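Engineer: Provided below are the primary sequence and the corresponding predicted coordinates.
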Amino acid sequence: MRDKLRIRPFLRRLDIPELIRSMYPADSDTELSRKIDTAVTLVNSADFVNYWEDNSDLRFGQLMYNLNCNFFEPIYNHEESSVLQKCGWTEIKSTIFANELGAKFIDEYDSDYLIEILQEYGLSKKDHPDNIIALVIEELEIRED
């Protein structure tokens, strides 16, 4: 089951117009506007977040497709990080890291916490996926520059 804590941080960074333009670069401005308006109206509706949190195993593309936004079919099976990358975010800025404190993007955690993650990983106290460790290291290197 996918963690529902990922949903609100994801929606904060989601750029629906950019996402739709990236999926349909050949569409006319009128068609793009129609799709964007439809999607924005749905995502901003009062019950959208609650519905997704109640059905948190759905990826964003699956959710939108299932809610009759069939033009989200090209990203039906994409993870949220991939969707954010289509919106122009880098891998670091699109990776949500959930823990006992909640869910944030790696670049939203302070450096002390990221160093603690690396220390725990080095001491084998916690089993963090290698890709997360690589992103934590990359984020800390960016901060040093």
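Structural biologist: In hand now; what should we look at? Residues are numbered from 1 along each chain as shown.
Engineer: Tell me where this protein has strands.
Structural biologist: 96-99, 102-105 (DSSP state E).
Engineer: Let me know which of these is the nearest to I7.
Structural biologist: strand 102-105 (8.3 Å; C-beta to C-beta). C-betas here are computed from N, CA, C, even on glycine.
Engineer: Each with direction, which strands does the closest one pair with?
Structural biologist: Applying DSSP bridges to the sheet, strand 102-105 is found paired with strand 96-99 (antiparallel).
Engineer: So this protein: which segments form each domain?
Structural biologist: The record's domain split for the chain, according to automatic domain parsing, is 4-90, 92-144.
Engineer: Could you report the pLDDT at E100?
Structural biologist: Listed pLDDT for E100 reads 67.
Engineer: what's around D54, how many residues?
Structural biologist: 10 (other C-beta atoms under 10 Å).
Engineer: That one and I117, how far apart?
Structural biologist: 30 Å (C-beta to C-beta, to the nearest Å).
Engineer: next one: Y76
Structural biologist: From Y76 to I117 the distance is 32 Å (C-beta to C-beta).
Engineer: And S111, how far from I117?
Structural biologist: 11 Å.
Engineer: Run the chain-centre distance for the helix or strand of the chain with the lowest mean pLDDT.
Structural biologist: When the helices and strands of the chain are scored by mean pLDDT, DSSP states H and E, strand 96-99 comes last with a mean of 77. Computed by C-alpha atoms, centre = their mean, to the nearest Å, the chain-centroid distance of strand 96-99 equals 11 Å.
Engineer: For it, which residues meet the burial criterion?
Structural biologist: For strand 96-99, the neighbour count (16 or more other C-beta atoms under 10 Å) marks 96-97 as buried.
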